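Trainee: the following block contains a protein sequence and its predicted model.
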Amino acid sequence: NGDLVWVGAQLCIFGLESRVDLNNVLCTAVALDPAAGRVEVRLATGDSARVRPSNLRAPVRDESSLQQGDVAVWFTDKGIRLSDDPETRRQFVGAAYNGDIESLRWGLQHGLDVNTTDETGWMLVTPLMMAASGGQPEALDFLIEHDADLDLRIESRSSMATLNPEMSKITALAMAAKEGNAREVKTLIDAGADADLPAGNRLFTPLMMAVDQGHIEVVEVLVAAGALQCTADAFGNTALMKAALRQDTRMLTILNDRTATDLANDQGFTALAQAAAACAVDNVAFLLSRGANVHIQSNNGDTALTMAASSTKGSAETQLAVVEMLAHAGASLDIHCKHGSTALMFAAEDGRVELVKLLMRLGATLELRDEDGRTALARAQQVKPPNDKQQSIVLLIQAHASARAVSQAQSSQINRLSEIDASRFLEAGGAQKNLANELFRSGNFSNALAGYHACLALLPVKVDIQDIPVQQLVCAVQGNVAACHIKMAEDREQNLQPAA
């Protein structure tokens, strides 16, 4: 019936006198001549391994065309079909990866299906998949012309497939996208391949695979072809969210579907929150320019700002830049997320001195408490074992709290000096302040702090807004107190730096 088969008979090698039993020789039947009643094969020169399709001869009908080293087999009974032989399938599928069109043509002429599958260690693939993955445009065109299934997805039963779940049930288009083969991606789409078929248990689309691997040209081809950008994988992540994690805004600019901007994944994180968590400054800036919502909270109550404040990715500089950018875009500094934590609490507990300074400068509330009733100050104080960074943060928060409390008292407890001799306060307080200033300039911040407190003790607690000279002196001294605390904290932090 024209099938290629294994045969169990004698093997005759032309040019040699000896005959050997077929069962002891590794060879591949390549052509059946039913009329002559024989199968003709060729062995690799000096090698008894199976013959690859590229080494095979066309079938012959008479012995006069055979040369020395050719093999002729006279068969007595049939064995298995050639298409059932694992080695033959592997050679046929491998020919597509190598762009060997002649071997592909020979296989199709001799009964192999264009969608023949081979398990390459941990996944089942077809010739079309391998041509797409290997970047073989001519082989791809050949297989498409011979009606290869463009959207065929095969689920591998191999235990190794569990290590690569996104590669199970993958299409030829997805394989080309994953490998960055833009030309093959376009060829398959033009031929009618579905651009949005997901692969594996993770449901990655070709667009997601291209974004994940950073293949910008492939992303451009898929977006131009209308690939869906709001489709989510098994975890709710879109292509935009995957692009937001990369330190490259070019991918974000290509993904132009604005309806995907504020979509959230299964944990409630948007693309902006994920970019902030990665401390990807340029990506955060781009998404904000597109109108990303800074107020969206995740399932745990996190916003993009709290994600940035608690992030361990990026550098200290990029973290500060992202936090400040989000704050200026209107993000709240005092949002309570999981367990009632705020951005300032995260920073204080983690020893982020510069971030604590930034958040306080931006106006973060110091008195907020988490679910355990702890303020940012308390969380910094409770770090065990205590370290110099935490102690610096404690001093910074205390100084800031002191300055803020005095400022609030200044504005809320007003009393006209009236009969009190304001000049006496100015003279005594001014003299004490000058002494403290000298200590500050000499770097003796501890004694300067004591001097400023002594100055405040000489001045009235309640001052009417009309008593401008006295009010100015009180405010100036309060600022000096805060400056002393900051300088002392900076000195402690510098002492932590290793010697050059």
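Mentor: The structure has been received and is ready for your questions.
Trainee: what average pLDDT does the host helix or strand of Gln390 get?
Mentor: Gln390 is part of helix 388-412 when elements are defined by DSSP states H and E. Helix 388-412 comes out with an average pLDDT of 72.
Trainee: just stretch 337-355 next, same as before
Mentor: For stretch 337-355, mean pLDDT rounds to 90.
Trainee: phi, psi of Thr270?
Mentor: Per-residue torsions, Thr270: phi -90, psi 180 (degrees, to the nearest 10).
Trainee: how many residues are close by it?
Mentor: Neighbour count of Thr270, defined by other C-beta atoms under 10 Å: 28. For every residue, glycine as well, the C-beta is placed using N, CA and C.
Trainee: quick check: longest helix of this protein.
Mentor: Counting residues, the longest helix found in the chain (DSSP state H) is helix 468-496.
Trainee: may I see the buried residues of it?
Mentor: Neighbour counts over helix 468-496 (16 or more other C-beta atoms under 10 Å) mark 470-471, 473-474, 477-478, 480-490, 493 as buried.
Trainee: check stretch 169-186 too.
Mentor: Judged by neighbour count (16+ other C-beta under 10 Å), stretch 169-186 contains these buried residues: 169-182, 184-186.
Trainee: where along the stretch 101-250 of the chain do the strands fall?
Mentor: 118-119, 124-125 (DSSP state E, counting those that start in this stretch).
Trainee: tell me the most buried of the ones you listed?
Mentor: Mean neighbours per residue, mean count of other C-beta atoms under 10 Å, is largest over these for strand 124-125, with a mean of 23.
Trainee: what are the contacting residues of that one?
Mentor: With contact meaning C-beta atoms under 8 Å, 6 or more residues apart in numbering, strand 124-125 is reached by 93, 117-119, 133, 154-156, 175.
Trainee: give me that answer again for 7 Å
Mentor: Under the criterion C-beta atoms under 7 Å, 6 or more residues apart in numbering, residues 93, 117-118, 154, 156 lie in contact with strand 124-125.
Trainee: lowest-confidence stretch among the strands of the stretch 101-250 of the chain?
Mentor: Lowest mean pLDDT within those: strand 118-119, a mean of 77.
Trainee: in contact with Gln136, which residues?
Mentor: 96-97, 99.
Trainee: what's the separation between it and Glu179?
Mentor: Gln136 sits 11 Å away from Glu179, going by C-beta to C-beta, to the nearest Å.
Trainee: report the rounded mean pLDDT for stretch 136-145.
Mentor: Summarised as a single mean, pLDDT over stretch 136-145 is 96.
Trainee: now do the buried residues in that stretch.
Mentor: Residues of stretch 136-145 classed as buried by neighbour count (16+ other C-beta under 10 Å): 136, 139-140, 142-144.
Trainee: stretch 219-227 now?
Mentor: Judged by neighbour count using 16+ other C-beta under 10 Å, the buried positions of stretch 219-227 are 219-223, 225, 227.
Trainee: with stretch 250-258 instead?
Mentor: Neighbour-count burial for stretch 250-258 flags 251-252, 254-255 (criterion: 16+ other C-beta under 10 Å).
Trainee: so what's the gap between stretch 235-252 and the chain middle?
Mentor: Here stretch 235-252 is found 7 Å from its chain centre; the criterion is C-alpha atoms, centre = their mean, to the nearest Å.
Trainee: what pLDDT does Thr126 get?
Mentor: The model's pLDDT for Thr126 equals 92.
Trainee: Ala210 now?
Mentor: In this prediction, Ala210 carries a pLDDT score of 96.
Trainee: could you do the one 3 residues further on as well?
Mentor: Taken from the predicted model, the pLDDT recorded for Gln213 is 93.
Trainee: what comes into contact with the helix or strand hosting Ala431?
Mentor: In the assignment (DSSP H and E), Ala431 maps to helix 422-441. Residues outside helix 422-441 that contact it (C-beta under 7 Å, 6+ apart): 447-448, 451-452, 454-455, 458-460, 467, 469-470, 473, 477, 480, 484.
Trainee: can you tell me which two in the residues you listed are farthest apart?
Mentor: Asn447 and Asp467 (29.2 Å; C-beta to C-beta).
Trainee: look at those two and report which has more neighbours.
Mentor: The neighbour comparison of Asn447 against Asp467 (other C-beta under 10 Å) goes to Asp467, with 22 against 15.
Trainee: once you drop chain neighbours, what's closest to the residue nearest to the spatial centre of the chain?
Mentor: Relative to the mean C-alpha position of the chain, the nearest C-alpha, by C-alpha atoms, centre = their mean, is the one of Leu245, at 4.6 Å. Of all residues not flanking Leu245 in the chain, Ala278 sits nearest, at 5.2 Å (C-beta to C-beta, 6 or more residues apart in numbering).
Trainee: I'd like the strands of the stretch 101-250 of the chain written out as JSON lines, with distance to Ala199 added.
Mentor: Output for the strands of the stretch 101-250 of the chain, formatted as JSON lines (distance: least, C-beta to C-beta, whole Å):
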{"stretch": "strand 118-119", "distance to Ala199": "16"}
{"stretch": "strand 124-125", "distance to Ala199": "12"}
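Trainee: what separation do you get for the residue nearest to the centre of the chain and Ala232?
Mentor: 15 Å.
Trainee: so the closest residue to Ala436 other than its chain neighbours, which state does it fall into?
Mentor: Using C-beta to C-beta, 6+ apart and skipping residues adjacent in sequence, the residue nearest Ala436 is Gly451, 2.9 Å away. Put simply, Gly451 is helix when judged by DSSP: H, G, I helix; E, B strand; the rest coil.
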